[in-house]
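Undergrad: A predicted structure for the sequence below; I have some questions about it.
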Amino acid sequence: MATSFLSSTRRLFTNFWGFIDAARRTVLNLLFLLIVIALLIAVFKSGGPGLDDKTTLVLALQGPIVEQRGGNVRDSALAQVRGDAMESVQLRDLLAVLDAAAADPKIVRVLLQLDDLGNAGLPMLREVAAALERFKASGKQVVAWGSGFDQRQYYLAAQANEVWMHPLGTLTVTGYGGYRNYYRDALDKLGVTVNLVRVGTYKSAAEPYIANGPSPAAKEADGLLYNGLWATYLQGVEKARKLRPQAITKLIDELPQRLAAAGGDQAKLVLDAKLVDALKTRDEMRAVLIERGAPDEKIKSFRQVSFEAYLARLTPKFVGDAVGVVVAQGEIVDGDAPAGTVGGLSTAQLIRKAREDEAIKAIVLRVDSPGGSVFGSELVRRELELARTGGKPVVVSMGNVAASGGYWISTASDEVIADPATITGSIGVFALLPTADKALDKLGVHTEGTTTTWLGGAGDLRRAADPRFLEVMQASVDHVYADFTGRVAKARKTTPQAIDAVGQGRVWTGEQAKERGLVDTLGSFSDALKSAAKRAKLGEEGSYRVSYIEPDPGRLARLLEAVGGATASVIARQIDASVLPTGMPRQLVKEVQHDLGWLGMDAQTRKPFTSVIHCLCEAP
């Protein structure tokens, strides 16, 4: 009887478990089927019919313009499929949308709404401006409207056929340059000594730790750099707005008098100066576009499609010969790093993936980096060298910044193309050794111990720097600089002495670098793609595809990426804000955190010291 009961119970449990397992598999299969159906709908929707005639493409750009977007690949891709606004805009997406819209008969105009546009370097703005010019060349109109414009926003707005601003808006153009913090007195008060070892008269990145102001060499270099950027900015705006040369500079010089003459009305001032064409409220802007285009009764506005929705319609090409693009954006570090930072190992692996892919016939390295680790930079450079040795052309396209380590990785190429406003050069090396022995003395803390050699405690931050150790640091930095200038000389087909003359840590604009033989060509990212394709004999534009080489996502992410999403996360490092005075403005706190974070660099890497090829600069 007991055996029969146990057998019946076992059969009942087995049948019940089989039912649960079958139900689980059915639910999962249905869920997977729903996901596939949703993705297929999105794919077939993209590029297909759906837009009506007289549609306006609304570019309400939000956040910074970046080479690679940070964040989760699935979230970003889903946001794109849904047409949701994104926190940043990939340059490649913006260019693709404008070029596709130029050829789309349903799109009659672009409306630029730039109130929420964030950071963007001048080279990126120039890339977008060129795409807007291509759009206008197709016979279509560009209109810009804003509640106001800052300097970056106005550069794009100025490219429009018409610029409208709110009657209470302001237009702020201030030029380039600025101020930075210097910490010598503060560090002395804290009892912290910063031992700086460097090569390069103009390698001023670490001057804030050893001085209370910039050196004459730094002032000279900064003046030439910023004046060059400003000239490029003015040329782009004044040409687009058909203004006389130096019209904006004259307006800034005469601002107090001219604003008083306008009764303090800033909007009237810029209207009279022909920086904008009309003053319109948002509803007035909407009414004009309805009249010029077609009404959309559902949204009570003009017929329109958003940037995100139009981007989701574009169908990428997946087969055929390709130019592979590897993005080197952010600081260069050792090991693996996500998009937004150049990992010596991870970025080198991407280049290796491109050179081993038979469908990739040429490689474009898109650089937007101020440099960083020597070792990480060399891993990337070496992999590019192997690609060239294997017969694949390599073209470097410099974006906002390609300085120091960003320039190091650019040397293994067949051609270096920079924008006139690219910040590049900074061929120099430095190393920092902060010591806190005086600070410990103030606290009554004493450090003693025993080591078998003098080197055992030479890099201890609690002790004063040993002169012998500083000699070791200097010799190491000298060696890296000699290696740096030697590699550049070989790449540029000149001598190390000639490179030293334009090196010494000095930063140049792309145009200035071209004059000094540090880059080959002034041009855009599109020019780099065309050059790579030509070198690989791929034919005219359109006969090959452009493939971005990025880390492999998971299976679901790959499905989502098929409709256009591709991002990765970015890591940021800061020191604890608690060491800073309370009440300090947040922006200033972040600036100080970034600056002082460099003093902890050696401790974080657990090395006595690290030779660094970094310009500590960013796109202004």
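TA: Perfect, I can see it now. All of these numbers come straight from a predicted model, not from anything done at the bench.
Undergrad: closest to the centroid, which residue in this structure?
TA: Nearest residue to the geometric centre of the chain (Cα atoms, centre = their mean): Val66, 4.3 Å.
Undergrad: which residues touch the closest residue to that residue other than its chain neighbours?
TA: The shortest distance from Val66 to any non-neighbouring residue, by Cβ to Cβ, 6 or more residues apart in numbering, is to Ser88 (5.0 Å). C-beta: built from backbone N, CA, C; applies to glycine. Residues near Ser88 by Cβ atoms under 8 Å, 6 or more residues apart in numbering: Gln62, Gly63, Pro64, Ile65, Val66, Arg69, Gly70, Gly118.
Undergrad: closest one of those residues to Gln512?
TA: Ile65 (23.8 Å; Cβ to Cβ).
Undergrad: tell me how many other residues surround the closest one.
TA: Counted with other Cβ atoms under 10 Å, the neighbours of Ile65 add up to 23.
Undergrad: equivalent analysis for Gln349, please.
TA: 16.
Undergrad: related to what we said a few turns ago, list phi and psi for the residue nearest to the centre of the chain.
TA: phi -130, psi 160 (degrees, to the nearest 10).
Undergrad: quick one, what contacts it?
TA: Per Cβ under 8 Å, 6+ apart, neighbours of Val66: Ser88, Val89, Gln90, Leu91, Gln329, Gly340.
Undergrad: re the thing from before, measure the residue nearest to Val66 to Glu67 for me?
TA: 10 Å (Cβ to Cβ, to the nearest Å).
Undergrad: also Gln304?
TA: To Glu67, Gln304 is 28 Å away according to Cβ to Cβ.
Undergrad: now do the strands in the stretch 301-450 of the chain.
TA: 301-302, 304-306, 322-329, 332-333, 342-343, 360-369, 371-373, 394-403, 415-418, 423-425, 429-435 (DSSP state E, counting those that start in this stretch).
Undergrad: the third one - contacts with which helices or strands?
TA: Same thing as strand 322-329. helix 344-356, strand 360-369, helix 525-535, strand 545-548 (3 or more Cβ pairs under 8 Å, 6 or more residues apart in numbering; DSSP states H and E).
Undergrad: tell me the confidence at Ala566?
TA: Reported pLDDT at Ala566 in the predicted model: 32.
Undergrad: ditto for Ala120
TA: pLDDT, read off for Ala120, is 95.
Undergrad: could you find the closest non-adjacent residue to Ile65?
TA: Ile65's closest residue in space is Ala120 (Cβ to Cβ, 6+ apart), at 4.0 Å.
Undergrad: check Gln62 too.
TA: Asp116 (4.3 Å).
Undergrad: number of residues surrounding the one you found?
TA: By other Cβ under 10 Å, neighbour count at Asp116 equals 12.
Undergrad: and for Thr453?
TA: Residues lying near Thr453 (other Cβ under 10 Å) number 7.
Undergrad: also Ser547?
TA: Residues near Ser547, counting by other Cβ under 10 Å: 19.
Undergrad: who's in contact with the residue nearest to it when sequence neighbours are not counted?
TA: In space, and not counting its chain neighbours, Ser547 is closest to Ala322: 4.2 Å by Cβ to Cβ, 6+ apart. Residues in contact with Ala322 (Cβ under 8 Å, 6+ apart) are Ala359, Ile360, Lys361, Tyr544, Arg545, Val546, Ser547.
Undergrad: can you mark which positions in stretch 148-163 are buried?
TA: 148-160, 163 (16 or more other Cβ atoms under 10 Å).
Undergrad: just flag the most distant two among these.
TA: Largest separation among those by Cβ to Cβ: Gly148 and Gln159, giving 17.5 Å.
Undergrad: for the residue nearest to Gln246 when sequence neighbours are not counted, give me its contacts.
TA: Here the nearest residue to Gln246 in space, its sequence neighbours aside, is Leu234; by Cβ to Cβ, 6+ apart that works out to 7.2 Å. Contacts for Leu234 were tallied using Cβ under 8 Å, 6+ apart; they are Pro245, Gln246, Ile248, Thr249.
Undergrad: please flag which of these sit within helices.
TA: Judged by DSSP state H, the subset of the contacts of Leu234 located in helices is Ile248, Thr249.
Undergrad: quick one: neighbours of Ala105, just the number.
TA: No Ala there; residue 105 is Pro. Other residues close to Pro105 by other Cβ under 10 Å number 8.
Undergrad: tell me which helix or strand the closest residue to it other than its chain neighbours sits in.
TA: Excluding the flanking residues, the one nearest Pro105 by Cβ to Cβ, 6+ apart is Asp53, at 7.8 Å. Secondary structure assignment for Asp53, by DSSP states H and E: no helix or strand.
Undergrad: Asp53 against Ala294, yeah?
TA: Yes: taking contacts as Cβ atoms under 8 Å, Asp53 lies within contact range of Ala294: 7.0 Å.
Undergrad: quick one: which of these two has more around it?
TA: Using other Cβ under 10 Å, the more surrounded residue of Asp53 and Ala294 is Ala294, with 16 against 11.
Undergrad: touching, the residue nearest to Gln62 and Pro64? I think so.
TA: No: if you go by Cβ under 8 Å, Asp116 and Pro64 don't touch, sitting 10.4 Å apart.
Undergrad: shouldn't Ala619 be within a strand?
TA: No: judged by DSSP: H, G, I helix; E, B strand; the rest coil, Ala619 forms no part of a strand; its state is coil.
Undergrad: that one - how many residues pack around it?
TA: Neighbour tally, Ala619, other Cβ under 10 Å: 20.
Undergrad: how near is the nearest residue to it once chain neighbours are set aside to Glu127?
TA: Nearest non-adjacent residue to Ala619, counting by Cβ to Cβ, 6+ apart: Gly121, 3.0 Å away. Gly121 sits 10 Å away from Glu127, going by Cβ to Cβ.
Undergrad: who wins on neighbours among the contacts of Val66?
TA: Val89 (26 neighbours).
Undergrad: re the thing from before, phi, psi of the residue nearest to Gln62?
TA: phi -100, psi 10.
Undergrad: and if you look at Leu95?
TA: Dihedral angles (degrees, to the nearest 10) for Leu95: phi -70, psi -40.
Undergrad: in space, what's closest to it - neighbours in sequence excluded?
TA: Using Cβ to Cβ, 6+ apart, the closest residue to Leu95 is Ala131 (5.0 Å).
Undergrad: how about low-confidence regions in this protein?
TA: Residue ranges of the chain with pLDDT under 70: 1-49, 70-86, 552-591, 593-608.
Undergrad: rerun that using 80 as the cut-off
TA: 1-50, 69-86, 205, 316-318, 439-440, 459, 551-610, 616 (pLDDT under 80).
Undergrad: which residues touch stretch 508-524?
TA: Against stretch 508-524 from outside (Cβ under 8 Å, 6+ apart): 123, 126-127, 130, 224-225, 228-229, 232, 397-398, 407, 415-425, 488, 492, 494, 498, 502, 527, 531.
Undergrad: repeat that for 7 Å
TA: 127, 130, 225, 228-229, 398, 415-425, 492, 494, 502 (Cβ atoms under 7 Å, 6 or more residues apart in numbering).
Undergrad: with just CA atoms, put that stretch into CSV.
TA: Extracted C-alpha coordinates of stretch 508-524, given in CSV (Å, rounded to 0.1, in the frame of the first residue of the first chain):
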residue,chain,number,x,y,z
TRP,A,508,48.7,73.6,-32.2
THR,A,509,45.4,74.0,-34.1
GLY,A,510,45.0,71.6,-37.1
GLU,A,511,45.8,74.5,-39.5
GLN,A,512,49.0,75.4,-37.6
ALA,A,513,50.0,71.7,-37.4
LYS,A,514,49.6,71.4,-41.2
GLU,A,515,51.9,74.4,-41.7
ARG,A,516,54.5,72.7,-39.5
GLY,A,517,54.2,69.3,-41.2
LEU,A,518,52.5,67.4,-38.3
VAL,A,519,49.4,66.5,-40.3
ASP,A,520,49.0,65.7,-44.0
THR,A,521,45.6,67.2,-45.0
LEU,A,522,43.0,69.6,-43.7
GLY,A,523,39.6,68.0,-44.0
SER,A,524,36.6,66.3,-42.5
